[in-house]
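starting from these lines, generate the structure:
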Amino acid sequence: MSPAALLAYALAILAASRLEGWLQGRDAGSALQRWMAERLYLPLARFGALAALVTAAGPDLLGRPDLDLPPLGAVLAAQEAPWRDLQALATVSAVLLPLLPGVARHAALLLGVQTVALTALLARWTATASGAPALELLPPLETIGVLVALAVGAELLGRAAYGLVTDLDPDPLRERLVYHLTALAIQAPVAIVYGRALGATLA
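Next up is the predicted model:
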């Protein structure tokens, strides 16, 4: 993954964290406004940060410099409605899925699912644009093991950071912010591992 993609991701995380800090720090607002922030605005902001990571990396995320893969602009131009695909994925994974009981309490695991889904979407787009056969989206067992370990690690590190902040300076708003920032930072390795696995299947 290029330094430019990592920089774009860092900036996207910073923007999402500033938005989260601002929304969660507001005392004013109705219960509906607070619910909208927790269940709509902030999940979509985190999803946007992940989308920035995957799109900034582009086809390079698949790790196939030996293939003449088209650039991101050509990949998007070859799709019928790429933004509709992104909108549908955002709606399902960032808005509807967290409404299921217990899902919202494990946001780090959910971010991992979103990262895998976005990477798969980019790989499918790239395969279509390059005329390659349909990709096998299920990676080898060892890759699945690594992805599960990263997802669990993101959850554990997020909770560890949460607990550390709680011990040093108890503040519910800051604790949640640190948890989500830690979980977001772990998603770059998730995208790289899964992207490389998908890229290995490209002919």
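
longest single helix anywhere in this protein?
Taking DSSP state H as the criterion, the chain has its longest helix at helix 141-168.

and that one, what's its mean pLDDT?
Mean pLDDT, computed over helix 141-168, is 80.

tell me what that helix is packed against?
Counting contacts by 3 or more CB pairs under 8 Å, 6 or more residues apart in numbering; DSSP states H and E, helix 141-168 is packed against helix 107-130, helix 172-185, helix 187-199. Placement of C-beta: from N, CA and C, glycine included.

what angle separates it from helix 107-130?
Counting by axes from the mean of the first three to the mean of the last three CA atoms, to 10 degrees, helix 141-168 lies at 140 degrees to helix 107-130.

looking at the helices and strands packed on helix 141-168, which is closest to residue 81?
Ranking the helices and strands packed on helix 141-168 by proximity to residue 81 (CB to CB) places helix 107-130 first, at 11.3 Å.

helix or strand with the lowest mean pLDDT in this protein?
helix 172-185 (a mean of 71; mean pLDDT, DSSP states H and E).

okay, now the unreliable bits of the chain?
1, 24-30, 161-176, 203 (pLDDT under 70).

one more pass at 80, please.
The model of the chain has pLDDT under 80 over residues 1-6, 14, 16-39, 101-105, 133-134, 158-181, 203.

including distance to residue 48 and mean neighbour count, could the helices and strands packed on helix 141-168 go into CSV?
Listed next are those as CSV, based on distance: least, CB to CB, whole Å; neighbours: other CB atoms under 10 Å:
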stretch, distance to residue 48, mean neighbour count
helix 107-130, 11, 22
helix 172-185, 11, 19
helix 187-199, 13, 22
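
residue 23: neighbouring residues, count only.
Counted with other CB atoms under 10 Å, residues neighbouring residue 23 total 18.

before we move on, what about residue 157?
By the criterion of other CB under 10 Å, residue 157 has 16 neighbours.

thinking it is in contact with residue 186, fair?
Yes: the pair residue 157 / residue 186 is scored as a contact, 6.5 Å apart, by CB atoms under 8 Å.

now for these two: what residues contact both?
The contact sets of residue 157 and residue 186 overlap at residue 108 (CB atoms under 8 Å, 6 or more residues apart in numbering).

measure how far stretch 137-150 is from the centre of its chain, please.
From the chain centre to the centre of stretch 137-150 is a distance of 16 Å (CA atoms, centre = their mean, to the nearest Å).

equivalent analysis for stretch 15-22, please.
For stretch 15-22 - counting by CA atoms, centre = their mean - the centre lies 16 Å from the chain centre.

was I right about residue 134 contacting residue 127?
Yes: Residue 134 lies in contact with residue 127 (CB under 8 Å); the separation is 6.7 Å.

how about the nearest residue to residue 184, chain neighbours excluded?
Distances taken as CB to CB, 6 or more residues apart in numbering put residue 13 closest to residue 184, at 5.1 Å, once the chain neighbours are dropped.

which residues sit in contact with that neighbour?
49, 181, 184-185.

quick check: phi and psi at it.
Here is the backbone geometry of residue 13 (degrees, to the nearest 10): phi -60, psi -40.
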